[in-house]
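Participant: Following is a predicted model, sequence given first.
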Amino acid sequence: MKGKLILEDGSVFTGSLLNDAKATGEVVFNTGMTGYQEILTDPSYCSQIVTLTYPMIGNYGVAELFNQSRKPFVNGFIIGELCEEASNWKMQGSLREFLIQQKIPCLFDVDTRAVTRKIRSSGTLRGVIVPDDVPQSEIDKLLAMPIKIDVVQEVTTPETYTMDADGPTVVVMDFGIKQNILNSLHKLGCNLIIVPADTTAQAILELNPAGVFLSNGPGDPKDLPQVIENIKGLIGKKPLFGICLGHQLLALALGADTYKLKFGHRGSNQPVKNLATGRVHISSQNHGYAVAEKSLTGLPLKVTHIAVNDDTVEGMRHTELPIFSIQYHPEASPGPDDNLYLFDEFWTMLTKGE
Ligand SMILES: NC(=O)CC[C@H](N)C(=O)O
C-alpha cells in the first residue's frame, strides 16, 4: 500500500505503508547505523514518529534480548529500505513481522535523509503518516490534534518491583526506564527497587535506600512539576544519579532551567567531552531538551560534560553533595560502551557516600 508522511509545514514524503494505521506525533531523526529495535522499544520516544537516516533497516532481524521495555512506544516509524532477508545468529524474527505484530505504523521506501535535512533546517516538526488516499480534511484534523503531555504516566511501571542483589539498595524512579540501565546498575551489584514516577520523596526515604536513581523518559521535563517537587525532597538526603530526563528533572529541582533544542541529539556516535579529563567519549543519545548552561550560574552545580557538536550541557555535578547527572545514555543499547565508567562513579557514591 502507498502511504505518505505530511509535515506541519506542508511538505510531503511518499513511501510504502506497512500496517493500515495512521500516526501523528513529533517527527525526530536518529542517525545510528544499528539499534532499530532498541529505538522502537525505548520509552523516551513515546508519542514521537522516528525516522532513521541509515538507509537499510532490519538486516539483523529482531530478538527478545534487544527490547528496552515491555513494548514499543513510538507512534510511527519511517525508514529507507526495509530489509527482508535478515541474518543474525541471535535473531528470533524479522523486523517486518515485529512491526506488524506490534501494530506500528511504518512508512518505508522513504528518502529519510531528505526528511532529516528538512527537520535540521526547520527544527522538529509535527507530522502524520497516512495511507495515500486519505483526504486533506482528515490530515488537517490529525495535525491539529493536541500533543500528549502525560507521556511519563503512560510508560512508567504501574507497580513497584525489584531486581534483588546483595549490594546497596537503590530506588529507581521510573519515568520510562530502559532495560539496559537497570541491567547496568544490577550488574554492579545494586539491589534495585523500581517505583512508579509519582512516588513521593517520603515513600522513597522510607525504603531507606543508599541512593536514588532518576531515569530517562519521554516528553518535556517541565510537564512534571509534581515529580520535580518530589525530587527536591530527596536533595541532601541521599546520593542521586540522573540520566537524560532524570538529569533534566534534577536540574529543574535544583533551580536551573531547561529548553527545547532545535532538532535534538539522537544517534549512537555523538561525541561528548569530559571536562575533568579532557577526553572525548562517543555516546548514545536521545534527547530533545537540554539544561541551560547559563541557568547554572550562582547554583552549587558545575558542568562536567559538553556536547562537542554544539557545546550544550551533557553532564553536571553538585559542588557539595553526592549528586550528578548525565544527559546522554552511558548504558548504550544501542551504542558504544565508552561511558560505563559513570555507573562506577555512582557505585563509589553509594558505597563511600561521597
Ligand atoms: N532519553 C530521554 O530521557 C529524553 C529526555 C527528554 N524527553 C528529551 O527529549 O530531552
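Facilitator: Structure received. In this text the structure is predicted, and so the values were computed from the model without any measurement. Numbers count the residues shown, from 1 in each chain.
Participant: quick one: average pLDDT of stretch 26-38?
Facilitator: Averaging pLDDT along stretch 26-38 yields 97.
Participant: what about dumping the CA coordinates of it to CSV?
Facilitator: Extracted in CSV, the C-alpha atoms of stretch 26-38 (Å, rounded to 0.1, in the frame of the first residue of the first chain):
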residue,chain,number,x,y,z
GLU,A,26,6.6,15.0,16.6
VAL,A,27,8.9,13.8,13.9
VAL,A,28,12.5,13.2,15.1
PHE,A,29,15.5,11.6,13.4
ASN,A,30,18.1,9.2,14.7
THR,A,31,21.5,8.7,12.9
GLY,A,32,22.5,5.4,14.4
MET,A,33,23.6,2.7,12.0
THR,A,34,22.2,-0.1,14.2
GLY,A,35,19.8,-0.3,17.1
TYR,A,36,16.4,-0.1,15.5
GLN,A,37,14.8,-2.5,17.9
GLU,A,38,16.2,-0.6,20.9
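Participant: buried ones in it?
Facilitator: When neighbours are counted by 16 or more other C-beta atoms under 10 Å, the buried residues of stretch 26-38 are found to be 26-30, 32, 35-38. Every C-beta, even on glycine, is put in place using the N, C-alpha and C of the backbone.
Participant: Then stretch 213-233?
Facilitator: 213-222, 224, 227-228, 230-231.
Participant: for stretch 233-249, same thing?
Facilitator: 234-235, 238-249.
Participant: ditto for stretch 343-352
Facilitator: Here stretch 343-352 shows 343, 345-347, 349-350 as buried, counting by 16+ other C-beta under 10 Å.
Participant: which residues sit against that stretch?
Facilitator: Stretch 343-352 is contacted from outside by 167-168, 170, 184-185, 188-190, 210-211, 213, 239, 241, 322, 324, 330-331, 354, using C-beta atoms under 8 Å, 6 or more residues apart in numbering.
Participant: 7 Å instead?
Facilitator: The contact list for stretch 343-352, computed with C-beta atoms under 7 Å, 6 or more residues apart in numbering, reads 168, 170, 184-185, 188, 210-211, 239, 241, 322, 324, 330.
Participant: do the same with stretch 155-170
Facilitator: If you take C-beta under 7 Å, 6+ apart as the criterion, stretch 155-170 is touched by 43, 46, 73, 174-176, 182, 185-186, 188-197, 207, 209-213, 217-218, 350-351.
Participant: And the buried ones among those, selectable in PyMOL?
Facilitator: Selecting only the buried members of the contacts of stretch 155-170 in PyMOL, with burial defined as 16+ other C-beta under 10 Å, works like this:
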select buried, resi 43+46+73+174+175+176+182+185+186+188+190+191+192+193+194+195+196+197+209+210+211+212+213+217+218+350
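Participant: which SS state does the closest residue to the ligand within the stretch 1-150 of the chain fall under?
Facilitator: With C-beta to the nearest ligand atom as the measure, Ser44 is the residue of the stretch 1-150 of the chain nearest to the ligand, at 3.3 Å. Taken by DSSP: H, G, I helix; E, B strand; the rest coil, the conformation at Ser44 corresponds to helix.
Participant: Against the ligand, which of the buried residues of stretch 343-352 make the cut? List them.
Facilitator: Cross-checking the buried residues of stretch 343-352 against the ligand (C-beta under 6 Å from any ligand atom) gives no overlapping residues.
Participant: Throw those residues into JSON lines and include pLDDT and secondary structure, thanks.
Facilitator: What follows is these, written out as JSON lines (pLDDT from 0 to 100; DSSP: H, G, I helix; E, B strand; the rest coil):
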{"residue": "Phe343", "pLDDT": "96", "secondary structure": "helix"}
{"residue": "Glu345", "pLDDT": "95", "secondary structure": "helix"}
{"residue": "Phe346", "pLDDT": "96", "secondary structure": "helix"}
{"residue": "Trp347", "pLDDT": "96", "secondary structure": "helix"}
{"residue": "Met349", "pLDDT": "95", "secondary structure": "helix"}
{"residue": "Leu350", "pLDDT": "95", "secondary structure": "helix"}
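Participant: what's the closest non-adjacent residue to Glu26?
Facilitator: Distances taken as C-beta to C-beta, 6 or more residues apart in numbering place Gln48 nearest to Glu26, at 5.0 Å, with adjacent residues excluded.
Participant: Help me confirm that that neighbour comes into contact with Val74.
Facilitator: Yes: with contacts counted by C-beta atoms under 7 Å, Gln48 reaches Val74, the gap being 6.2 Å.
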